[in-house]
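Trainee: This is a predicted model, with the sequence first.
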Amino acid sequence: MAMAFERKPMWTRQDRANPRDIVELRFALKQQNLAQLTSTLLDVSNPYSANYGKWWEPEQILDLVSPPQEVSDAVTQFVKHNGARYAKNGRDYVSTRFTVQKAEEFFGIELHNFQHVTKNVRIIRAVSDYVIPAEIKDSVDFVSGLLEFPTLRKQAHQPAVDISDSVGADPGYVIPQTIQAAYAIPTDFATNANSSICLAEFQNDASYNKKDLVTFATQTATKPITVTHIVGPFSGADPDLESTLDVQYGGAIALGNDVWFWTVGGWMWEFVSEIAATKKSPLVVSMSWGWPEPNQCDIATCKGETSEDYVNRVNVEFQKMGLRGITVLAASGDQGAPGDGDPYCGDASAPLSTIFPGASPWVLSVGATMLANTSKLAAAKAGAEPPVCKNFQCANSTAEVACSYPEALITSGGGFSNYSPQPAFQADAVEAYLKSAKLPPAAYFNASNRGFPDVSALGHNYLICATGSFEQVDGTSCSSPVFGAVIALLNGWRLNNNKSPLGYAVPLMYAAAKADPTTFIDITEGDNKCTESCCSQYGYETAVGWDPVTGLGSPNFPSMLKFVQSLP
């Protein structure tokens, strides 16, 4: 469902922006001590380290990576004295508001209105490159909000035809009880008032309907979902399917965790820099969005920088989040190994592509599975099935295979990062795969880089309630909030027993799988050679252990809990 964007921004330049209109801009300040940040994070997230779980406070992290105080103060004061109506010093960034007139004077630009050609969306952007004043140029990496054009997503992954009878796939629909049965998640698992999950949305994708949450809970016979924190722009009148899916399944599987809904108008850096500097934050963040690593500058400001520079800057923010004890998850993509870089299976020179943030080593990357039409559960007792199952055939299988088109609407994304080296904690698992699997030509991927996804969860045939009606959706955007909810439940146990949350949990996953292979349900059927519309000759196959289709596998909750309980 998520992860689908238009191939190119479709914006038409119109008249000059009103001089009195307001633009919100953010200055990214140059950081320091980044090697120490990385080494510290790897130490405190290593389950076998004496420092495991000793997460840092936000101010400690900013003390480490921010430029000297006089630098951030100088930038803040400079923009205030040169036209900004508002300027907030975030220590390694400065967020500001300018009128159009003052922004044009400050950066030496013209600002125009731009209209999306198919959607009723207007934005203000510069029609030429901007110039950072010489007085602060050496302190600033880039400024967001001037040049980037949001790449609005396509409609959600919904079936154009009836695919419920596809060979090999369970024809039934997934509801929360399906997930709990597949992963042995107790429906009465004790949570903690301080355990929380956040569903993050981008580029003004800002809506779910609160009445739909009530209908969903009633019809699926699950506990009511209450969103306790809404941060950023929100409009529930016209619910978006992505937001609806994230909140309904993240909230339902998290079983009473504190639920956050956080939206930003921009892209990754705007969100992660903001949340990394927030004093009170959720402990789990799930992101169902992504775009090819080499094309980040298509949808983000990269003045004088490359997509790799942008990725590296955002990765620093992910590390900051992990070091303060936040688990960050991202969907691995819906276009298989070809990815959004080759969605029509026609690029002979680059038939494989990666995705960001799903390929980041600093997030828990989540792929998708689907239920096979085998291993039937016992039939539900008369009158015991949720009301929604009286109108829709609910799934009764627990056996999983890789989620792939054409049986599903999407194919689980996976592969190897363009930019990020392979973390040491992943090396053994990846090496085992490379030695045993049939691989694409070596020229098409870098086997020494970070492999993704790390884990997987169901991503096909979900039922959601939108505007009062139930609809089917597919995607790794189903999988990410579900696995995030599993982490939130484990955090609840940790907090109930006076232990720290799981924080940066990627090393933990590999350690758990090595200590006890039953921690994950190993997915050994399927591949990711297809996109949402075609199949390529290149891609990856599932295998015993880790693979770049479904990662280590889906969660076996009792075994995962047992390992987590053994940690200090």
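Mentor: Structure received. Residues are numbered from 1 along each chain as shown.

Trainee: all helices for the stretch 251-400 of the chain, in order.
Mentor: Along the stretch 251-400 of the chain, the stretches classed as helices by DSSP state H, counting those that start in this stretch are 268-276, 307-323.

Trainee: wait, which of the ones you listed is closest to T38?
Mentor: Nearest to T38 among those is helix 307-323 (6.3 Å), distances taken as CB to CB. From N, CA and C alone the C-beta is placed, and that goes for glycine too.

Trainee: Give me the below-cutoff pLDDT ranges for the stretch 301-450 of the chain.
Mentor: 303-304, 374-384 (pLDDT under 70).

Trainee: Over to Q426. Which of the three states is it?
Mentor: helix (DSSP: H, G, I helix; E, B strand; the rest coil).

Trainee: That one contacts F452, doesn't it?
Mentor: No: Q426 lies out of contact with F452 (CB atoms under 8 Å); the separation is 9.4 Å.

Trainee: okay, these two: which has more neighbours?
Mentor: Applying other CB atoms under 10 Å to Q426 and F452 shows that F452 carries more neighbours, namely 30 against 20.

Trainee: The helix-or-strand element of the chain with minimal mean pLDDT versus helix 307-323: what angle between them?
Mentor: Using mean pLDDT, DSSP states H and E, the weakest-scoring helix or strand in the chain turns out to be helix 268-276, at a mean of 89. Counting by axes from the mean of the first three to the mean of the last three CA atoms, to 10 degrees, helix 268-276 points 20 degrees away from the direction of helix 307-323.

Trainee: Let's see the helix ranked longest in the chain as CSV, backbone CA atoms only.
Mentor: Criterion DSSP state H: the longest helix present in the chain is helix 476-496. C-alpha atoms of helix 476-496 as CSV (Å, rounded to 0.1, in the frame of the first residue of the first chain):
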residue,chain,number,x,y,z
THR,A,476,5.0,-3.6,3.6
SER,A,477,3.2,-0.7,5.1
CYS,A,478,1.0,-3.3,6.8
SER,A,479,4.0,-5.2,8.0
SER,A,480,5.9,-2.3,9.6
PRO,A,481,3.3,-1.1,12.1
VAL,A,482,2.5,-4.7,13.0
PHE,A,483,6.2,-5.5,13.8
GLY,A,484,6.4,-2.1,15.6
ALA,A,485,3.5,-3.2,17.8
VAL,A,486,5.3,-6.4,18.7
ILE,A,487,8.3,-4.2,19.8
ALA,A,488,5.9,-2.0,21.8
LEU,A,489,4.5,-5.1,23.6
LEU,A,490,8.1,-6.3,24.4
ASN,A,491,8.8,-2.8,25.7
GLY,A,492,5.8,-3.1,27.9
TRP,A,493,7.2,-6.2,29.6
ARG,A,494,10.6,-4.5,30.0
LEU,A,495,9.1,-1.4,31.6
ASN,A,496,6.9,-3.5,33.9
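
Trainee: quick one: buried residues of the least confident helix or strand of the chain?
Mentor: The neighbour-count criterion (16 or more other CB atoms under 10 Å) identifies M268, W269, E270, F271, V272, S273, E274, I275, A276 as the buried residues of helix 268-276.

Trainee: what's downstream of the longest helix of the chain, the next helix or strand?
Mentor: Next along the chain after helix 476-496, taking DSSP states H and E as the criterion, comes helix 506-515.

Trainee: what comes up buried for that following helix?
Mentor: Buried residues in helix 506-515 (16+ other CB under 10 Å): V506, P507, L508, M509, Y510, A511, A512, A513.

Trainee: can you redo those residues as TSV with pLDDT and distance to Y540?
Mentor: Formatted as TSV, these follow (pLDDT from 0 to 100; distance: CB to CB, whole Å):
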residue	pLDDT	distance to Y540
V506	98	19
P507	98	23
L508	98	24
M509	98	19
Y510	98	18
A511	98	23
A512	98	23
A513	98	18
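
Trainee: Which single one of the residues you listed is nearest to N497?
Mentor: Nearest to N497 among these: L508, at 16.4 Å, using CB to CB.

Trainee: Can you say which helix or strand has the nearest residue to the closest one once chain neighbours are set aside in it?
Mentor: Once flanking residues are discounted, L508 sits nearest to P47: 5.6 Å by CB to CB, 6 or more residues apart in numbering. According to DSSP H and E, P47 maps onto no helix or strand at all.

Trainee: So P47 versus A505, what's the distance?
Mentor: Distance of P47 to A505, computed by CB to CB, to the nearest Å: 10 Å.

Trainee: Kindly report the same for A35.
Mentor: In terms of CB to CB, A35 sits 22 Å off from A505.

Trainee: From what I see, V100 and L25 are in contact.
Mentor: No: counting by CB under 8 Å, V100 sits too far from L25 to count as a contact (11.3 Å).

Trainee: hang on, the earlier thing: can you redo the buried residues of helix 268-276 as CSV with distance to P440?
Mentor: As requested, these are exported to CSV (distance: CB to CB, whole Å):
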residue, distance to P440
M268, 27
W269, 31
E270, 35
F271, 33
V272, 31
S273, 35
E274, 38
I275, 36
A276, 36
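
Trainee: what's the closest of the residues you listed to W11?
Mentor: For those, the nearest to W11 is E270 (18.6 Å; CB to CB).

Trainee: The residue nearest to that closest one when sequence neighbours are not counted - how many residues pack around it?
Mentor: Distances taken as CB to CB, 6+ apart place V264 nearest to E270, at 4.9 Å, with adjacent residues excluded. Residue neighbour count, defined by other CB under 10 Å, stands at 23 for V264.

Trainee: contacting residues for V264?
Mentor: A200, E201, F202, Q203, G232, E270, F271, E274 (CB atoms under 8 Å, 6 or more residues apart in numbering).

Trainee: which of those lies closest to P68?
Mentor: Using CB to CB, E274 comes nearest to P68 of the contacts of V264, at 21.9 Å.

Trainee: ok, the closest one - contacts?
Mentor: Counting by CB under 8 Å, 6+ apart, E274 makes contact with G90, S95, V264.

Trainee: what's near enough to touch P282?
Mentor: With CB under 8 Å, 6+ apart, P282 has these contacts: S196, I197, C198, H229, D258, W260, W262, I326.

Trainee: tally of neighbours for R494?
Mentor: 20.

Trainee: show me the contacts for the nearest residue to it once chain neighbours are set aside.
Mentor: Nearest residue to R494, sequence neighbours excluded (CB to CB, 6+ apart): P501, at 5.9 Å. Residues counted as contacts of P501 (CB under 8 Å, 6+ apart) are G53, W55, S195, L283, G325, I326, T327, N491, R494, L495.

Trainee: how far away is the second one from A427?
Mentor: Read it as W55. Remark: distance between W55 and A427 (CB to CB) = 25 Å.

Trainee: Of the two, which one has the most company?
Mentor: Taking other CB under 10 Å, W55 and A427 do not tie; W55 has more neighbours (21 against 13).

Trainee: Ramachandran angles for the more buried one?
Mentor: phi -70, psi 160 (degrees, to the nearest 10).

Trainee: Which residue lies closest in space to it, excluding its sequence neighbours?
Mentor: Nearest to W55 is G325, by CB to CB, 6+ apart, at 3.6 Å.

Trainee: cool, C534 as well?
Mentor: Nearest one to C534, counting by CB to CB, 6+ apart, is C345 at 4.1 Å.

Trainee: again with Y310
Mentor: In this structure, Y310 finds its nearest non-sequential neighbour in Q296, 4.6 Å apart by CB to CB, 6+ apart.
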